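Undergrad: With the sequence up front, the predicted model follows.
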Amino acid sequence: MKQRSNRTLGLIFKDLLEGVHQLATSEMQLMQVELRRSAQLTQRRSKYLIFSVSLAILGLIPFIAFLVLSLGQVLGGRYALSSLIVSVICCSVGSFFAARLSRNFPVQGLSLPLTRRSIQAEAGRLFQLPREQEKKAS
């Protein structure tokens, strides 16, 4: 009787180890796919962001020159004061929007939600299997 229960316990552990090995292998593959997809998405978004910011900077340079010259004429030829005023306004507005954007910017971490859910489901299934076999053996 004791020999039969030891053999059953050994089979349970063998099945458990095989399941853990298969789980680890499949989860590593899933994690690689998720990381690759996340990297591609981040790369694509970064390209669009760089392109957009570059265009905005190219458009702002002549506009700022226009503001400095126009304000300098209004201030009676004080172009240094005009450039200081325009610079302070640009820095203030830029800082305000950068602060708002950084708070609202979606942070995409490497939480790997698909991998985490899959591991939880498989682990639950694996650890239920030995309990069910123990109940059948009783």
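TA: Thanks, I have it.

Undergrad: Show me where the chain dips below the pLDDT cut-off.
TA: The chain contains residues with pLDDT under 70 at 1-7, 104-111, 126, 129-138.

Undergrad: Looking at it, which helix is longest?
TA: In the chain, assigned by DSSP state H, the helix with the most residues is helix 2-74.

Undergrad: Give me the neighbour count for Ile50.
TA: Neighbour count of Ile50, defined by other C-beta atoms under 10 Å: 10. Just so you know, the C-beta spots here come from the backbone N, C-alpha and C atoms, and that holds for glycine as well.

Undergrad: Could you tell me how far stretch 79-99 lies from the centre of the chain?
TA: 33 Å (C-alpha atoms, centre = their mean, to the nearest Å).

Undergrad: In it, which residues are buried?
TA: Residues 82-83, 85-86 are the ones in stretch 79-99 that count as buried (16 or more other C-beta atoms under 10 Å).

Undergrad: What about Leu75? Give its phi and psi, please.
TA: phi -90, psi 10 (degrees, to the nearest 10).

Undergrad: Which residues are in contact with it?
TA: Leu75 makes contact with 81-82 under the criterion C-beta atoms under 8 Å, 6 or more residues apart in numbering.

Undergrad: Would you mind confirming that Met31 is in contact with Pro113?
TA: No. Between Met31 and Pro113 there is no contact under C-beta atoms under 8 Å: 11.2 Å.

Undergrad: neighbour-wise, which of these two wins?
TA: Each of Met31 and Pro113 has its neighbours counted (other C-beta under 10 Å); Met31 has more, 17 against 9.

Undergrad: distance of the more buried one from Ser82?
TA: Going from Met31 to Ser82 by C-beta to C-beta, to the nearest Å gives 57 Å.

Undergrad: what's the neighbour count on Val74?
TA: 10.

Undergrad: who's in contact with it?
TA: Neighbouring residues of Val74 by C-beta under 8 Å, 6+ apart: Ser82.

Undergrad: Make 170 the first number, not 1, from now on.
TA: Sure, I'll start numbering at 170, so the last one becomes Val243.

Undergrad: Over to Cys259. Which of the three states is it?
TA: helix (DSSP: H, G, I helix; E, B strand; the rest coil).
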